[in-house]
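Peer 1: heads up, no residue letters with this:
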C-alpha cells in the first residue's frame, strides 16, 4: 500500500509538474528578477539622478507638483525616494462617477527642481514584478491563473517531498557527469536544500491573493457587507467621503514628522491623500515595508487634510493578521538588506532551476525510448519545443527587453509599450524557432543568442549612455554596475551551457546510434 | 509509460474523474472548511475569516492528494463528498446560529 | 550574517561527514559508530548554535529570516563543491571554524 501511495504521488508530481512547469518557470524567473526591480528600473531610466535623501524637501516638492498638476484628483499618492529607488514618485487617480475606477497617472519628479523628470518612459523592473502575478492578462484573469499555478506548485512540492524516498540519505548527494542521474541529483539538490524558501514563497503567494480566490468565508461571515471586512483588515481603504466643500490642503511635512514620531523614528513608505482640496480630505501616512519583516496593513497614521488634525494611529496586529502580514512580508522581501536581497535572488534562481531541471528530465527520460529510431512522437516534440521556448526563449525575451530599452529613442512616445512588445515578439519568435529547429540545435542556438544578448549588455550600455561600468563603479552606483555585471555573468553562464550542449551533441549522423547506446547506459 | 499501445479509455476516464474531483471537490472542501472556521472560531470576525482563508489551502492540498492516492476514482469522489457534507452541515448550523 | 554562515557551513560539513558514503569519499575510511555520533552531534550543535549570532545582531524576526537564508545557501554551497573540489569543501569548513572567533569579535 505504501508503494502504491508513493507511486501515485510520483505520477501526480510528474504530470502537474509538466503541465504547469512552463508557466511556473516564467513566474519564478520574472519574480526573482522583481527582487531587484528598483535596480532594474534605475538601469532602464539612467536619466533619473540620485540626490542625497531629504525627505521633507521631497515631500514639499511632491505636494507642490500635485497641487499644480492634479488639484481635482480623487486621490494622490506620493512615494518618497529611498536608498534603492532614487525617484520621487507621484501618482494620482482622476475623479470619476462613483462606482467607476478612475485612471491612474504616474510621474517621476525631481526632488530638487520640482519638475517632472525627463527620463525615457519605461516600465523598468515593474514590468517583471507585474508580469509574475498578472501574466500580461486583463484584470483579474492573470491573478487567477498565477494563483492557480501557485496551488499546483504547492501540490508539486509536497508530492515531490513524498516521492523523494531517500530525502535524508541523499541530502548531500550530487553526482555530476552521469547523464540523467545528474539531472535528478541537481533537481533534488536545488529542491531539498532550498525547500524552506520554496514552501514559503509558494504558500505566501496563495495567502496574498486569498481574498480573491477564497472569498467564501468573507461572504459567510459578513454577508452583503464585505466592505466591512476590508475596512477592518486594510484600514487604509476606510476613508471619509468627500463633502464637496473646498478647503485648502495643509502642508504634509508636519504630518510626516508627527507620523514618524508615532513610530519612534520609523521610516515613511508612502502617503495617500484622499479628496485633496475638500473639507474632508484625509491623509494616510504608511510605514515603510522595510521597517519590519511582517507587513502591517494597519500601521498607518491618518490626518484630516484640511485641518492637519491627527485622526487615528493604526494599532497593533492580532495574531492572524500578524501571520498573514508575515507571509506577505516574507514574500515581498521589502525588509531585506542588500546581502539578504541577493540571497533571496539566489533562492529564487534555485527555484527556477528546480522547475527547469524537472522539465528537462521529464523529456529526457521519455526521449531515451526513441533515441535508437531518432523519431519522436508528436507529444514529445511538443514538450521539447515548449521546453526550449519557455526557458531559453524567455531569457532571449528578457535580453530583448533590455536591448529595446537602450535602442528605442528616448523621445519616442510609446516606447514603454514597445519595450514590452519587444519582449513578447522575441518570445514568440523563439517559440517559432524552437518548433523549426528542434532538439539540441534549438537549445544551442537559443542559449547562444541569449548569451549574446545578455552578455553584451554592458557594451550596449557603454555605447548608448554615459553610465558604463567604468563610470558607475567609480561613482559607487552599485545598482547600475551590478546590473551590468549580472547580465555579463548570466551571458557567460549561458555561453558555457551552450558550449556544453555542443560538446555532447553527436558530430555526425552515424554516431547517433552510439549516442543512443550511451544514453541507455547513462540511464542506469 | 509511453508504449506502442495507447492507454485504455477507461483509464483516461478514471484520471479525468479524479482530476475533476481534485480540482472542484478540493475547492469545495477548502471553501467550506474556511467558512466553518470563519463562523466557529472564537476570535473576532475578521481574525476568524483570515484564519479560515489562510488554512483553506492545506485542506485543498489534502483533498488533491487523496483524490490521486485512493484506489479508485469512485473512492476519490466519495472521499471528497463526505467531508464536504460534514463541513456544509457545520457551516449551515453556524449560519443559522448567527442569524438567531 | 558572516559568523552564522561560517557556523552553518561547518555544521553541514560535519553532518555530511557523519554519513557512510561521504565520509568514505572525503576521508577514505568508514566511520566507527562513535565517530558517526560525534560528527552528527557537532553538526547539529553548530547548526543550532548559528542561530545565536544571526538573532543577536538583527533581532528575532529579521535574524531568523537571515539565519534561514544562510542555512539554505551554505548547504547549497557545500553540495555544489563536494563533487568538484572535495578538499576545498573540507578546508573551507575548517578555515571557517578557525575564523569564527575573529568574525564574532568583529560583528558582535
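Peer 2: Right, received. Where do you want to start? Bear in mind the structure is a predicted one, so any value in this text is a computation, not a measurement. Numbering: from 1, shown residues only, chains lettered A, B, ... in the order given.
Peer 1: Can you tell me the closest non-neighbouring residue to residue 37?
Peer 2: No chain in the question, so chain A it is. In space, and not counting its chain neighbours, residue A:37 is closest to residue A:125: 2.8 Å by CB to CB, 6 or more residues apart in numbering or on different chains. Any C-beta I mention is one placed from the backbone N, CA and C, and that applies to glycine too.
Peer 1: Actually, chain C is the one I wanted.
Peer 2: Closest residue to residue C:37 apart from its sequence neighbours, by CB to CB, 6+ apart: residue C:18 at 7.9 Å.
Peer 1: How about residue A:26?
Peer 2: Nearest one to residue A:26, counting by CB to CB, 6+ apart, is residue A:394 at 5.7 Å.
Peer 1: okay, now the one you found: neighbour count?
Peer 2: For residue A:394, the neighbour count with other CB atoms under 10 Å in any protein chain shown is 22.
Peer 1: How much space separates it from chain B?
Peer 2: Distance, residue A:394 to chain B, using CB to the nearest CB, to the nearest Å: 27 Å.
Peer 1: now the helices for chain C?
Peer 2: Under the criterion DSSP state H, chain C contains helices at C:2-17, C:20-27, C:33-49, C:51-58, C:60-84, C:86-107.
Peer 1: Next, format the ones you listed as JSON lines and append distance to residue A:218, mean neighbour count and mean pLDDT.
Peer 2: Formatted as JSON lines, the helices of chain C follow (distance: least, CB to CB, whole Å; neighbours: other CB atoms under 10 Å in any protein chain shown; pLDDT from 0 to 100):
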{"stretch": "helix C:2-17", "distance to residue A:218": "41", "mean neighbour count": "25", "mean pLDDT": "94"}
{"stretch": "helix C:20-27", "distance to residue A:218": "52", "mean neighbour count": "15", "mean pLDDT": "80"}
{"stretch": "helix C:33-49", "distance to residue A:218": "41", "mean neighbour count": "15", "mean pLDDT": "93"}
{"stretch": "helix C:51-58", "distance to residue A:218": "36", "mean neighbour count": "19", "mean pLDDT": "92"}
{"stretch": "helix C:60-84", "distance to residue A:218": "28", "mean neighbour count": "20", "mean pLDDT": "94"}
{"stretch": "helix C:86-107", "distance to residue A:218": "46", "mean neighbour count": "15", "mean pLDDT": "90"}
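Peer 1: hmm, who's touching stretch A:273-284?
Peer 2: Under the criterion CB atoms under 8 Å, 6 or more residues apart in numbering or on different chains, residues A:66-67, A:71-78, A:236, A:239-249, A:252, A:255, A:271-272, A:300-306, A:311 lie in contact with stretch A:273-284.
Peer 1: Among those residues, which are located in helices?
Peer 2: Short answer: those in helices (DSSP H) are A:66-67, A:252, A:255.
Peer 1: Of the residues you listed, just say which sits nearest to chain C.
Peer 2: The nearest member of these to chain C, counting by CB to the nearest CB, is residue A:255 at 28.2 Å.
Peer 1: residues in contact with that closest one?
Peer 2: Contact analysis of residue A:255 by CB under 8 Å, 6+ apart lists A:283, A:285, A:301, A:303, A:308.
Peer 1: what sits against the nearest residue to the last one once chain neighbours are set aside?
Peer 2: Nearest-residue entry for residue A:308: residue A:250, 4.2 Å, with adjacent residues in sequence omitted and distances by CB to CB, 6+ apart. Residue A:250 makes contacts with A:305-308, as judged by CB under 8 Å, 6+ apart.
Peer 1: before we move on, the earlier item: I only care about the contacts of stretch A:273-284 that end up buried; give me the PyMOL line for that.
Peer 2: Here is the PyMOL command that selects the buried residues among those (16 or more other CB atoms under 10 Å in any protein chain shown):
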select buried, chain A and resi 66+73+74+75+76+77+78+236+239+240+242+247+249+252+255+271+272+300+301+302+303+304+305+306
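Peer 1: Which members of the contacts of stretch A:273-284 occur in strands, if any?
Peer 2: A:75-78, A:271-272, A:300-304, A:311 (DSSP state E).
Peer 1: Out of the residues you listed, the closest to residue A:421 would be?
Peer 2: Within the ones in strands among the contacts of stretch A:273-284, the smallest distance to residue A:421 is 27.5 Å, found for residue A:77 (CB to CB).
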